[in-house]
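> Starting from these lines, generate the structure:
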Amino acid sequence: MRLPRFAKGSVSILRFRYIHNIFAPESSIAGAIRSRFDISSFRAEQGFESPMSSMEAYRILNVNPSSSTEQIRKAHRDLMLRNHPDNGGSNFVASKVNEAKELILGKGGKR
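All right, here's what the predicted structure looks like:
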């Protein structure tokens, strides 16, 4: 099989650099889609690990580990008022704020 010829002055390096896309377009397209929409890479890009660590929870709520329960609840309430999905906020942000509060205070809301 012959490689396609390019006009003089065109970038002939394309033949060598992207040759795998010419002969196996399905696999290169599937790989590009997988790498672009992979959930684990999305989480890594956003800076969140799968199970949230306690330090991430404190950073999200912008409180110290020595903060009182009331300060944590107030920080959670303020963030949820600004970022609630019913008020045009993000579902992702609201879920992370709730997850941070539950991690710090537990399911019952107390330390």
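
> Would you map out the domains in the protein?
13-44, 51-105 (automatic domain parsing).

> what's the first-to-last distance across the longest one?
According to Cα to Cα, to the nearest Å, domain 51-105 extends 16 Å from its N-terminal end residue to its C-terminal end residue.

> just stretch 80-99 next, same as before
End-to-end for stretch 80-99, by Cα to Cα: 12 Å.

> And the average pLDDT for it is what?
The pLDDT scores in stretch 80-99 average 90.

> Name the residues of it that are buried.
Burial within stretch 80-99, assessed by neighbour count using 16 or more other Cβ atoms under 10 Å, is assigned to 80, 83, 89, 93, 94, 96, 97, 99. C-beta here means a position set from N, CA and C on the backbone, and glycine is covered the same way.

> Now, the residues you listed that are in helices?
If you go by DSSP state H, these have 80, 83, 93, 94, 96, 97, 99 in helices.

> just checking, the last one touches residue 57?
Spelled out, that is residue 99. Yes: if you go by Cβ atoms under 8 Å, residue 99 and residue 57 touch, sitting 7.4 Å apart.

> residue ranges of the strands in this protein, please?
Applying DSSP state E to the chain gives no strands.

> which intervals of it have sub-threshold pLDDT?
Flagging of the chain using pLDDT under 70 yields the residue ranges 1-50, 108-111.

> rerun that using 50 as the cut-off
10-27, 39 (pLDDT under 50).

> What are the boundaries of the helices in this protein?
Ranges of helices within the chain are 13-17, 19-23, 25-37, 39-46, 54-61, 69-83, 91-105, based on DSSP H.

> circling back to that earlier point, what's the most distant pair in the ones in helices among the buried residues of stretch 80-99?
Greatest spatial distance in those: 83 and 99, 13.0 Å, computed using Cβ to Cβ.

> ok, and the closest non-adjacent residue to residue 93?
In this structure, residue 93 finds its nearest non-sequential neighbour in residue 83, 4.6 Å apart by Cβ to Cβ, 6 or more residues apart in numbering.
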